[in-house]
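Undergrad: what's the 3D shape of this:
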Amino acid sequence: MPEEKKNLSTRRDFLKTSGVAAGALIGGGLIGGLVGYNVNDNKSATAPKGTSPSDHTQHANAGFQFFKNNRDFEVLSNATERIFPKDDLGPGAIELGVPYFIDRQLAGQYGSNSKEYMHGPFAVGAPTQGYQSRLTRADVFKQGIEKLEEEANKRFDNGFSSLEPEQMDEILTAFSKDEVKMSGTTAAFFFRMLRSATLEGAYSDPMYSGNNNMDGWRMKGFPGHQMSYIAVIEKEEFQKIEPKSLGSM
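TA: Numbering: from 1, shown residues only. From the prediction side, this is the model:
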């Protein structure tokens, strides 16, 4: 099998079997086949360096709700793009609007943990025990973004968004392996949340500011929210259905 065709098949297989349902995350896991996928196998599909809001696909709800400055938003954007990179199968996290999705989630109840029990005792629990930190998700993300920038300057004497893709991957891998010290939480816990939020933003309904143009759904062949399947339910052949968003119903 030609190398290029093999790489595309690998990405397609990952999208089908990674445990991600369109619109929701089922399960998790570290790195998976995402971080660094294109570093060696697909040189043309690398994360943009030094992105800014103007570099993003035109977004219907442009502007920040949680992040206070461009630098932090750029760090988030480049980190999500390395986790879900653009390639020949479709757009990456930035074009899908994932950074805006995460920004809005952190500004709301997801970021404040307002509907969750947040009292002690606090201890480092097993991954199966759910949320254990005394910090809110907004606090964890804020610190995590700062640590990504700090680690970039420590290792490469440059800001995270100015690094080469391979350097970004090195730092993200260090976080996934819990090799970076964080306060009140762990680097591995932050990475798991970042990875989960990236995938959720890629496959959520566009009304939540991710999955621009429903392209995340198109990559998986997911039809979105259809009013009815009566016209095709009796047909034996595979039906390719144009996806619909809740916002269009």
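Undergrad: quick one: Asn78 from Gln109, how far?
TA: 27 Å (CB to CB, to the nearest Å). Yep, even glycine has a C-beta here, placed from its N, CA and C like the rest.
Undergrad: what packs against the longest helix anywhere in the chain?
TA: Longest helix in the chain, counting residues (DSSP state H): helix 137-156. For helix 137-156, the elements it packs on are helix 70-83, helix 98-107, helix 109-112, helix 165-176, helix 187-203, judged by 3 or more CB pairs under 8 Å, 6 or more residues apart in numbering; DSSP states H and E.
Undergrad: now the second one and helix 70-83, what's the angle there?
TA: So the one you mean is helix 98-107. Counting by axes from the mean of the first three to the mean of the last three CA atoms, to 10 degrees, helix 98-107 lies at 120 degrees to helix 70-83.
Undergrad: list the contacts of the most centrally placed residue in the chain.
TA: The chain has Thr198 as the residue nearest its centroid, 1.3 Å off, counting by CA atoms, centre = their mean. Thr198 is in contact with 80, 83-84, 93, 98, 102, counting by CB atoms under 8 Å, 6 or more residues apart in numbering.
Undergrad: so can I have a markdown table of those residues showing pLDDT, neighbour count and distance to Glu164?
TA: A markdown table is the format used below for these (pLDDT from 0 to 100; neighbours: other CB atoms under 10 Å; distance: CB to CB, whole Å):
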| residue | pLDDT | neighbour count | distance to Glu164 |
| --- | --- | --- | --- |
| Thr80 | 97 | 26 | 17 |
| Ile83 | 97 | 28 | 16 |
| Phe84 | 96 | 26 | 18 |
| Ala93 | 97 | 29 | 18 |
| Val98 | 97 | 32 | 21 |
| Ile102 | 97 | 30 | 23 |
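Undergrad: tell me which of those is nearest to Gly247?
TA: Proximity of the contacts of Thr198 to Gly247 (CB to CB) peaks at Val98, which lies at 17.5 Å.
Undergrad: excluding chain neighbours, what is closest to the closest one?
TA: Using CB to CB, 6 or more residues apart in numbering and skipping the chain neighbours, the partner closest in space to Val98 is Gly201 (3.6 Å).
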